[in-house]
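K.L.:
have a look; sequence and predicted model below, questions after that.
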Amino acid sequence: MKRIRGILAAVCIAVGVGGIAHAAQEDVSRTDSRVLRDVAYGDDPQQRFDVYLPPSPRHAPAIFMVHGGAWVIGDKSNPGVADNKAAYWLPKGYVVVSVNYRMLPAARPLEQARDVARALATAQRMATSWGADRDRFVLMGHSAGAHLVALLGADPDMLTAAGAVRPRGVVSLDSAAMDVVQIMEFPRHPRLYDRAFGDDPREWAAASPYHRLQADALPVLAVCSSQRFDACPQARRFAQKAAGLGVRVDVFPQDLSHAEINRTLGLHSDYTERVNAFIAGLVVP
């Protein structure tokens, strides 16, 4: 029983479930805003996304949010995923999309990333009907979701293969899995990574943003918790390789917990303003 509790605790630390449960969110169900629930991008029940629309959007930029959950749990509508972000960015004229995807054991992380790419392609095809601009999407993800968007940003060919238009950039919220190979080769890594990435070094490299990083990668803002031992070193290692390729990766350490990095984004703070400035710099004409 102690072992089971330990595994659950590790997952909660990795994905911020404890913080999610206590997140205080602002209500975005205002009369002048709309939410389109469970828009399908595939046949599986998990292949759905929600769309948060500001009043009367016209050629609006869009934030495409991918939830975390150790690649095995989580949902697009969990407290902490979209509400504070929608409450902050909708009044600025943005559309916010929050996406679900197939998870373990049905889909390994590489296939999860492909689901996210398919979802993006569908959202971009529908963007005009919402008043959004398909050419001004920014990917955002937390924890496992941060790994998935970083992976897609590192190798945009994965997006092209799904029919997606190149997004403007990526906001990675506290991924500690930028270099999957390094994690898996370390003898004392958390067991949740074994479940996610298996025992084949070729699969580790294929699902590793660091190893898939190429010269036409998207610009990235890598937010990382300075309270964790692994997130910021992983982000800096990724940024160092990116610099050698001429790719912009800004590392932004925050003295916040893993859960707080997700749930407080959108609340009024210097942290939110810095993330907003990065996004605006990519999408504002």
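P.N.:
The structure has been received and is ready for your questions. Numbering: from 1, shown residues only.

K.L.:
show me where the stretch 1-150 of the chain has helices.
P.N.:
Using DSSP state H, counting those that start in this stretch, the helices of the stretch 1-150 of the chain run over 2-15, 17-21, 83-89, 109-130, 144-154.

K.L.:
now the fourth one: mean pLDDT?
P.N.:
Mean pLDDT, computed over helix 109-130, is 98.

K.L.:
what angle sits between it and helix 144-154?
P.N.:
Comparing the axes of helix 109-130 and helix 144-154 via axes from the mean of the first three to the mean of the last three Cα atoms, to 10 degrees yields an angle of 80 degrees.

K.L.:
from the chain's centre, how far out does helix 109-130 sit?
P.N.:
13 Å (Cα atoms, centre = their mean, to the nearest Å).

K.L.:
alpha carbons only: can I get it in PDB?
P.N.:
Output in PDB follows, covering the C-alpha atoms of helix 109-130 (Å, rounded to 0.1, in the frame of the first residue of the first chain):
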ATOM      1  CA  PRO A 109       4.000  10.400 -25.800                       C
ATOM      2  CA  LEU A 110       5.000  10.500 -29.500                       C
ATOM      3  CA  GLU A 111       1.500   9.500 -30.600                       C
ATOM      4  CA  GLN A 112       0.100  12.000 -28.100                       C
ATOM      5  CA  ALA A 113       2.100  14.700 -29.800                       C
ATOM      6  CA  ARG A 114       0.700  13.600 -33.100                       C
ATOM      7  CA  ASP A 115      -2.800  13.900 -31.600                       C
ATOM      8  CA  VAL A 116      -2.000  17.500 -30.500                       C
ATOM      9  CA  ALA A 117      -0.800  18.300 -34.100                       C
ATOM     10  CA  ARG A 118      -4.000  16.900 -35.500                       C
ATOM     11  CA  ALA A 119      -6.000  18.900 -33.100                       C
ATOM     12  CA  LEU A 120      -4.100  22.100 -34.100                       C
ATOM     13  CA  ALA A 121      -4.700  21.400 -37.800                       C
ATOM     14  CA  THR A 122      -8.400  21.000 -37.100                       C
ATOM     15  CA  ALA A 123      -8.600  24.200 -35.000                       C
ATOM     16  CA  GLN A 124      -6.800  26.100 -37.700                       C
ATOM     17  CA  ARG A 125      -9.200  24.900 -40.400                       C
ATOM     18  CA  MET A 126     -12.100  26.000 -38.200                       C
ATOM     19  CA  ALA A 127     -10.500  29.300 -37.100                       C
ATOM     20  CA  THR A 128     -12.200  31.600 -39.600                       C
ATOM     21  CA  SER A 129     -15.600  30.400 -38.400                       C
ATOM     22  CA  TRP A 130     -14.700  31.500 -34.900                       C
END
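
K.L.:
just give the number of residues close to the closest residue to Arg37 other than its chain neighbours.
P.N.:
Counting by Cβ to Cβ, 6 or more residues apart in numbering, Asp50 is the residue found nearest to Arg37 once chain neighbours are left out, at 5.3 Å. Every residue, glycine included, has its C-beta placed from N, CA and C. By other Cβ atoms under 10 Å, the residues close to Asp50 number 20.

K.L.:
and Pro285, by the same measure?
P.N.:
6.

K.L.:
same question for His211.
P.N.:
Using other Cβ under 10 Å, His211 has 18 neighbouring residues.

K.L.:
and the next element down the chain from the helix or strand harbouring it?
P.N.:
Secondary structure from DSSP states H and E places His211 in helix 209-212. The helix or strand immediately downstream of helix 209-212 is strand 220-225, counting by DSSP H and E.

K.L.:
adjacent strands (with direction) for that following strand?
P.N.:
Using DSSP bridges, the strands paired with strand 220-225 are strand 169-173 (parallel), strand 249-254 (parallel).

K.L.:
and the average pLDDT for the shortest one is what?
P.N.:
Here strand 169-173 scores 98 as its mean pLDDT.

K.L.:
helices or strands up against the next helix or strand after it?
P.N.:
Later in the chain than strand 169-173, the nearest helix or strand by DSSP H and E is helix 180-185. Secondary-structure packing of helix 180-185 (3 or more Cβ pairs under 8 Å, 6 or more residues apart in numbering; DSSP states H and E): helix 192-197, helix 201-206, helix 209-212.
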